[in-house]
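Student: sequence and predicted model, in that order:
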Amino acid sequence: YAMPSAMLIKGTEFLNYTVNPGQTLEITGSEFGVPSGWNLLGYIVAVYTVQPLVVGQQPGHFEVIANRVSPAYLYSDLIQVSGISYLLPPFIRFAPMIGIYVVYDRYFEIVDNLNVPLVVTFMPIIYKPTGQWVNGNLEATVSSSDVTGGLWTALVVQLPEIAHVYKIVTPSGTVYTGLVNSEIPWGSAERLVSISPDGSQAYIAVSTLGVSETGTYTVYVNWTPITMHFTNTLNAPISGVKVQAYINGSLVASGISDANGNAYINIEEPAPFMATVSYDGVPIYYINVNSLVNQPISVTIGLYNVTTLFVGSRNQAISNAGISLYRVNTGPTINGTTSSTGAASFTNVLGGTYLVTAQYRGLKYSELVTINGNDVITIKSDILAIIDGFPITTMEALIGTLGLGSAVAIASAFVSRAKRGKDYEVTTI
């Protein structure tokens, strides 16, 4: 059964059948009519008989067969009958049997394996969805046609564990709160009202034996936010993760994870939702949440610690170089500066394909890399030396050496670069 969270439940009428020994009663749902707009939930079924026996005989049994059947009450006994004197020896036994069942199915069978008839009394139970959720509370309008027919009708609410009913207000303004399995005098009848101790369920009679109250009922509910907990691959909490929750395509709630990695999402209706998870403006996951449970939803995001090492042609560290990591197609761009060791460190870098660029005094070097772990990315340049803050590339040094000594060549390349201020770019993809 996929049942609505709020519904009207109606007890229709009692129907009576007799099942003879060795026979089977089959109920298919065609024995009675279900009003338009209503659905058959199942039946309340009572089966009873008294089996006569003689000493030495054992009581038989009957069967109730259905796909979903739950015993509500079972009773059997063996009664010995005798006179007040030996005039009537205790040969006679009677075995009364009663079984009351809740059947959640359209079809059920009663099989009589006894030597006496069975009496079967059952009531079809029907239901229809009702109500709408407004600001986290249920508003259910009951019309006169809803309470027509049947012996009783009730508004029933069954909610997920994050929801807690705390009061019911009737159309006339009567407030019911703190009642469990209560029967309240109501005209010529009794009004059944109950809010379960944990607040997850509630019911109130809207009609009983001709007494009814129509109009809009309001069921007030407190909701516990859904917690989503975000960690990286090292199980460290992640802050700044954005979550947006959608029900039937409409945005209903959002949140951003805190320093503990927790984002709190205020869902205020009993419906599955789809959450989009984004980090640094990049959509990462779509999460379908079908059960609203009061337990954190744990999500691991591929965020990594990345070190970029920028070196020259002789593998010497180059400090004070600008390093940028651009996530291809989506962004973001993360920027840093190399230290004296030539390293720039970045934390919580989202996995993906990046264009990693190092820049130093007009020279630019780029590489396309895939980040899917805690990596060290080395970018090797053609910088041979740095003189007074000016880089000398191997190409410039080579050109100088064609006609000069090496030391003079480097100096010449330095003078040449200082004069030109050329923006030199090397891209490796």
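Tutor: Everything's here; your move. For clarity, every value in this text was computed on a predicted model and none was experimentally measured.
Student: show me what contacts the closest residue to Asn372 other than its chain neighbours?
Tutor: Nearest non-adjacent residue to Asn372, counting by C-beta to C-beta, 6 or more residues apart in numbering: Gly351, 5.0 Å away. Backbone N, C-alpha and C define where each C-beta goes, glycine included. By C-beta atoms under 8 Å, 6 or more residues apart in numbering, the residues touching Gly351 are Gly302, Leu303, Tyr304, Ile371, Asn372.
Student: got any ranges where the stretch 201-350 of the chain has weak pLDDT?
Tutor: Within the stretch 201-350 of the chain, no stretch has pLDDT under 70.
Student: rerun at 90
Tutor: Applying pLDDT under 90 to the stretch 201-350 of the chain flags residues 233-234, 280-282, 294, 329-332, 347-348.
Student: go on, the stretch 1-150 of the chain?
Tutor: Judged by pLDDT under 90, the stretch 1-150 of the chain has its weakly predicted residues at 1-3, 30-31, 33, 83-87.
Student: tell me where it has helices.
Tutor: Taking DSSP state H, counting those that start in this stretch to define them, one finds no helices in the stretch 1-150 of the chain.
Student: all strands for it, in order.
Tutor: 6-11, 15-19, 24-27, 39-54, 62-65, 69-76, 79-81, 92-103, 108-112, 118-129, 132-134, 137-142 (DSSP state E, counting those that start in this stretch).
Student: what residues of the second one count as buried?
Tutor: Which is strand 15-19. Buried residues in strand 15-19, counted by 16 or more other C-beta atoms under 10 Å: Val19.
Student: who does it pair up with?
Tutor: Partners of strand 15-19 in the sheet, by DSSP bridges, are strand 118-129 (antiparallel).
Student: may I see the buried residues of the partner strand?
Tutor: Leu118, Val120, Phe122, Met123, Pro124, Ile125, Ile126, Tyr127, Lys128.
Student: so what's the second one up against?
Tutor: Shown here is Val120, whose contacts under the criterion C-beta under 8 Å, 6+ apart are Asn16, Tyr17, Thr18, Val19, Leu25, Val45, Ala46, Val47, Ile110.
Student: farthest pair within the residues you listed?
Tutor: Maximum pairwise distance among those (C-beta to C-beta): 14.1 Å, between Thr18 and Val45.
Student: pretty sure Thr121 contacts Leu15?
Tutor: Yes - counting by C-beta atoms under 8 Å, Thr121 touches Leu15, with 7.2 Å between them.
Student: so who does Gly312 touch?
Tutor: Shown in contact with Gly312 (C-beta under 8 Å, 6+ apart): Ile318, Lys380, Ser381, Asp382, Ile383, Leu384, Ala385, Ile386.
Student: equivalent analysis for Tyr279, please.
Tutor: Contact partners of Tyr279, counting by C-beta under 8 Å, 6+ apart, are Ile238, Gly240, Val241, Lys242, Ile301, Leu303, Leu350.
Student: cool, and Ser381?
Tutor: With C-beta under 8 Å, 6+ apart, Ser381 has these contacts: Phe310, Val311, Gly312, Ser313, Ile318, Ala358, Tyr360, Leu363, Tyr365, Thr393, Val426.
Student: out of those residues, who has the most neighbours?
Tutor: When neighbours are counted as other C-beta atoms under 10 Å, the busiest of the contacts of Ser381 turns out to be Phe310, with 28 neighbours.
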